[in-house]
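Peer 1: sequence isn't available, so here's the structure alone:
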């Protein structure tokens, strides 16, 4: 936890797995000839148990469900299939409206910046969901 | 659809070929959940989705956002994707067909910015996204070569090359002025930055130097005629001026229920926004016309197109400089100097932040600076943005004045009075 209340995770070693990238590309509408890494592929890293578990814990504490509000990927250089990277993830809460902001920095193993990603999750109280469902 | 590799950058306003995706079935969402690791049951469990009020489980927002990339690749193969992001406005139910559309908002030799939409059957889009694309070095070289050829063939429509130019900017300490300084610093310009607050001006100058620009700063008040004449002359002595931005300005207006503006604030606003423009432009004109080149850009406002009941003096000041720029354009054109009127709408600056009102189409100061620089490069006589506001304001000038006044009063706005006082 940092001074401003943000939660920081130790850097994760991640890889653009060729088979998974190809499958991700197929499921998101790329044609069969595409053999690169989709720009949105890093989304798969945010579902790793460490990150996913932390999000689930925060949501449970707030008795809320996360609703994906926005997502941004910005690159300094293209992702390369088969390459290993270091992913640094931090999370912070916003109160008005209640949100969880997940920020991730991707770098080569030499430390050169590759990209920056931001996930905005709106924390919707479970009670409100139940109320809406009844309404 | 065949992807294009073209000899020129995409045109601003160009629409991307629409692409249909879906409808997706439960199996497609299950496969996506498996590969992405996004196992949120909302997308997979019909009963859960129904319990929350969805007609069918919604498609993963990420799956839809990612689908823009193949669309962009199908459009232009000579551009590589540098950034992709979007807001998930509303869920797209499984089983619905979606249409992806896009439009070029900005386009330069270095980057292209595209606004994207994913529409289902609902009125509002499911996703509003944006993409930044970059031409490869080879593509950039090709574009440059074509530009040079066009310039040689048709000198009357030549572009104004911004790189390496000497740019003078008043009000460079913050807001649009600072953003313009940074934008030109990026283009390798030599900058003469004018401002009143030494510390804030120096901070702007340092940020520009960090981008590799050669910067001279001049601490001077645009209301000071003699001081401005000297400072402009000093800037000209450093290097001939290529672009002069008369940008410094203040806003003032009425709070809710207030009828009369503070007379001090009114006079100070006119002194800064009108006399300040004259004090900037007049000393620059002789040197620029003598050289027979360059551009003078006067920063006005949408508030100068039609008077608004929330800020009479501000509107008057901006209408005055609008008229001045129009007149000057005809006078200076035969002498090789362009005059450009900049008409911004709401831009996220400290000045706009103080105003409490609905601010449709608000953009960042960086975006505004890009639009202005691109427009200047294209030698546009008027750079007005956003276009819808410009068209709307021009249109309402043809409507019955009292009717427009009544409609305007239905909008509430609180424009604080400027702290500036009339110079004695």
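Peer 2: Now that the structure is in, tell me what you want to look at. Only a predicted model underlies this, so the values are computations on that prediction, with no experimental measurement involved.

Peer 1: residue 42: how many residues sit nearby?
Peer 2: Chain wasn't specified; assuming chain A. The number of residues packed near residue A:42 is 23, by other Cβ atoms under 10 Å in any protein chain shown. In short, each C-beta sits where N, CA and C put it, glycine included.

Peer 1: hm, I was asking about chain B
Peer 2: Residue neighbour count, defined by other Cβ under 10 Å, stands at 16 for residue B:42.

Peer 1: and it, how far is that from residue A:43?
Peer 2: 16 Å (Cβ to Cβ, to the nearest Å).

Peer 1: what does residue B:162 give?
Peer 2: Following Cβ to Cβ, the distance that separates residue B:162 from residue A:43 is 38 Å.

Peer 1: more neighbours, these two?
Peer 2: Between residue B:162 and residue A:43, counting by other Cβ under 10 Å, residue A:43 is the more crowded of the two (25 against 21).

Peer 1: so residue B:12 makes contact with residue B:107?
Peer 2: Yes - here residue B:12 lies in contact with residue B:107, judged by Cβ atoms under 8 Å, at a distance of 5.3 Å.

Peer 1: okay, and the common contacts of the two?
Peer 2: Common neighbours of residue B:12 and residue B:107, using Cβ atoms under 8 Å, 6 or more residues apart in numbering or on different chains, are residue B:374.

Peer 1: and the most centrally placed residue in chain A, what does it touch?
Peer 2: For chain A, the residue sitting closest to the mean C-alpha position, by Cα atoms, centre = their mean, is residue A:46 at 3.7 Å. Counting by Cβ under 8 Å, 6+ apart, residue A:46 touches A:52, A:89, A:102, A:104, A:117, A:119.

Peer 1: pull out the buried residues from those residues.
Peer 2: Under a neighbour-count criterion of 16 or more other Cβ atoms under 10 Å in any protein chain shown, the subset of these counted as buried comprises A:89, A:102, A:104, A:117, A:119.

Peer 1: a markdown table for these, including pLDDT, secondary structure and distance to residue B:169?
Peer 2: Output for the buried ones among the contacts of residue A:46, formatted as a markdown table (pLDDT from 0 to 100; DSSP: H, G, I helix; E, B strand; the rest coil; distance: Cβ to Cβ, whole Å):
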| residue | pLDDT | secondary structure | distance to residue B:169 |
| --- | --- | --- | --- |
| A:89 | 95 | strand | 40 |
| A:102 | 95 | strand | 38 |
| A:104 | 95 | strand | 36 |
| A:117 | 95 | strand | 34 |
| A:119 | 95 | strand | 37 |
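
Peer 1: need these in JSON lines (columns: distance to residue B:293).
Peer 2: Formatted as JSON lines, these follow (distance: Cβ to Cβ, whole Å):
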{"residue": "A:89", "distance to residue B:293": "52"}
{"residue": "A:102", "distance to residue B:293": "51"}
{"residue": "A:104", "distance to residue B:293": "48"}
{"residue": "A:117", "distance to residue B:293": "45"}
{"residue": "A:119", "distance to residue B:293": "49"}
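
Peer 1: so which of those comes closest to residue B:190?
Peer 2: Closest approach to residue B:190 among these (Cβ to Cβ): residue A:117, at 36.9 Å.

Peer 1: okay, and the beta partners of the closest one?
Peer 2: residue A:73, residue A:104 (DSSP bridges).

Peer 1: enumerate every residue touching it.
Peer 2: Contacts for residue A:117 (Cβ under 8 Å, 6+ apart) come out as A:42, A:46, A:71-74, A:103-104, A:106.

Peer 1: give me the pLDDT for residue A:7.
Peer 2: Looking at residue A:7, its pLDDT reads 88.

Peer 1: residue contacts, it?
Peer 2: With contacts defined as Cβ under 8 Å, 6+ apart, residue A:7 is in contact with A:1, A:54, A:90-92.

Peer 1: next one: residue A:84
Peer 2: With Cβ under 8 Å, 6+ apart, residue A:84 has these contacts: A:13-15, A:109.

Peer 1: repeat that for residue B:219.
Peer 2: If you count contacts by Cβ under 8 Å, 6+ apart, then residue B:219 has B:195-198, B:201 around it.

Peer 1: all helices for the stretch 1-150 of chain B, in order.
Peer 2: Taking DSSP state H, counting those that start in this stretch as the criterion, the stretch 1-150 of chain B carries its helices at B:26-36, B:46-52, B:61-66, B:68-75, B:137-153.

Peer 1: winner for burial among these?
Peer 2: By mean neighbour count, with neighbours taken as mean count of other Cβ atoms under 10 Å in any protein chain shown, helix B:61-66 ranks first of the helices of the stretch 1-150 of chain B at a mean of 26.

Peer 1: now do that helix, average pLDDT.
Peer 2: Confidence over helix B:61-66 (mean pLDDT, whole number) is 95.

Peer 1: pLDDT-wise, which helix or strand of chain B ranks last?
Peer 2: helix B:137-153 (a mean of 66; mean pLDDT, DSSP states H and E).

Peer 1: and chain A, by the same measure?
Peer 2: Using mean pLDDT, DSSP H and E, the weakest-scoring helix or strand in chain A turns out to be helix A:126-134, at a mean of 61.

Peer 1: how about residue 125, nearest residue that isn't a chain neighbour?
Peer 2: Reading this off chain A. Distance criterion Cβ to Cβ, 6 or more residues apart in numbering or on different chains; nearest residue to residue A:125, sequence neighbours excluded, is residue A:64 at 5.1 Å.

Peer 1: right idea, wrong chain: chain B
Peer 2: residue B:117 (4.5 Å).

Peer 1: my guess is that neighbour contacts residue B:102. True?
Peer 2: Yes - between residue B:117 and residue B:102 there is a contact at 7.1 Å, judged by Cβ under 8 Å.

Peer 1: quick check: pLDDT value at residue 27.
Peer 2: Since you didn't name a chain, this refers to chain A. Model confidence at residue A:27, given as pLDDT, is 95.

Peer 1: please refer instead to chain B.
Peer 2: 95.

Peer 1: select the longest helix from the chain.
Peer 2: Picked chain A for this. In chain A, with assignment by DSSP state H, the single longest helix is helix A:49-61.

Peer 1: sorry, I should have been clearer: chain B.
Peer 2: helix B:312-332.

Peer 1: check which residues of that helix are buried.
Peer 2: Neighbour-count burial for helix B:312-332 [16+ other Cβ under 10 Å]: B:312-322, B:324-325, B:328-329, B:332.

Peer 1: the helix or strand that that helix is followed by: how far from the chain's middle?
Peer 2: In the C-terminal direction, the helix or strand that comes right after helix B:312-332 (DSSP states H and E) is strand B:338-344. On the basis of Cα atoms, centre = their mean, to the nearest Å, strand B:338-344 is displaced by 13 Å from the centre of the chain it belongs to.

Peer 1: what is strand B:338-344 packed up against?
Peer 2: Contact here means 3 or more Cβ pairs under 8 Å, 6 or more residues apart in numbering or on different chains; DSSP states H and E; on that basis strand B:338-344 packs against strand B:295-299, helix B:312-332, helix B:365-377, strand B:382-385.

Peer 1: quick one, domains of chain B?
Peer 2: B:15-140, B:162-414 (automatic domain parsing).

Peer 1: rewinding a little: show me the contacts for the residue nearest to residue A:125.
Peer 2: If you count contacts by Cβ under 8 Å, 6+ apart, residue A:64 has them with A:98, A:123-126.

Peer 1: read off the pLDDT value for it.
Peer 2: In this model, residue A:64 is scored at 89, pLDDT.

Peer 1: what does it show for phi and psi?
Peer 2: With angles defined as degrees, to the nearest 10, residue A:64 sits at phi -130, psi 160.

Peer 1: what separates it from chain B, distance-wise?
Peer 2: 14 Å (Cβ to the nearest Cβ, to the nearest Å).

Peer 1: residues in contact with the nearest residue to residue B:368 once chain neighbours are set aside?
Peer 2: Once its chain neighbours are removed from consideration, residue B:368 has its nearest residue in residue B:347; the separation is 4.5 Å (Cβ to Cβ, 6+ apart). Applying Cβ under 8 Å, 6+ apart, one finds that residue B:347 lies in contact with B:175-176, B:362-365, B:368.
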